[in-house]
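what would the 3D arrangement of this be:
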Amino acid sequence: MTGIELKTHQVWQDLAEILESLNPDALVTEHLKLCEYKVGGYWDENGDFYEEIILPSSLYVELVSSSLGITDRERWIQFKFFLKADTNASEKKVITHPQKFGELILIYDENLEFIDEKWQIDIDFPLVVTKGEQQ
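Now for the predicted structure:
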């Protein structure tokens, strides 16, 4: 075993700078706009299928974690977000007490090209609209 201490290694500072420069908030906002705040073909934790889930357009996202993955052939970056919304928000869309109603994981390759998404949504949340429930 070598005597390298990763906690003081320059690689951590370099990674932190890269992650700060990526602006994950812009990435998730772009993703939500592209999917029009909808999730198609969603299976919930009970095994129920929904043709479409419509998310509240006034949702708030919070970056929870970011990570890098490296194998011998691939490299990727993953961002995990909490999805929050305020059920008491006025029409002015002022979010005062956001409640978590889901999670979104976005995965990009080393060229920042989108690879995959993973959703976890509380379908019983008052602002979430479901369509086409099939059991």
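
drop to CA atoms for contacts and neighbour counts, all remaining ones
Fine.

which element is the residue nearest to the spatial centre of the chain on?
Central residue check for the chain by C-alpha atoms, centre = their mean: the C-alpha nearest the mean position is that of Leu104, 2.8 Å away. Using DSSP states H and E, the element containing Leu104 is strand 99-109.

the chain: strands as residue ranges?
Along the chain, counting by DSSP state E, strands occupy 38-43, 49-54, 60-70, 75-85, 99-109, 114-121, 129-134.

wait, which of these is closest to Glu17?
The stretch from the strands of the chain with the least distance to Glu17 (C-alpha to C-alpha) is strand 60-70; that distance is 12.6 Å.

which residues touch the closest one?
Contacts of strand 60-70 with the rest of the structure, by C-alpha atoms under 8 Å, 6 or more residues apart in numbering, involve 19, 24-25, 28, 75-85, 95, 98.

any quick ChimeraX command for the buried ones out of those residues?
For anyone working in ChimeraX, the buried entries among the contacts of strand 60-70, judged by 16 or more other C-alpha atoms under 10 Å, can be selected with:
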select :19,24,28,76,77,78,79,80,81,82,83,84,85,95,98
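
which intervals of this protein have sub-threshold pLDDT?
Using pLDDT under 70 as the threshold, the predicted model of the chain has low-confidence ranges 1-4, 89-96, 134-135.

just checking, what's the longest helix in it?
As far as residue count goes, and with DSSP state H defining each element, the longest helix of the chain is helix 10-22.

which elements pack onto it?
Using 3 or more C-alpha pairs under 8 Å, 6 or more residues apart in numbering; DSSP states H and E as the contact criterion, helix 10-22 has no neighbours among helices and strands.

can you pull the buried residues of that helix?
Going by 16+ other C-alpha under 10 Å, helix 10-22 has these buried residues: Leu19.

distance between the ends of stretch 85-97?
Criterion C-alpha to C-alpha, to the nearest Å; first-to-last residue distance in stretch 85-97 is 8 Å.

do stretch 112-126 as well
Where stretch 112-126 starts and where it finishes are 34 Å apart, if you go by C-alpha to C-alpha.

and for stretch 113-133?
Taking C-alpha to C-alpha as the criterion, the two ends of stretch 113-133 lie 32 Å apart.
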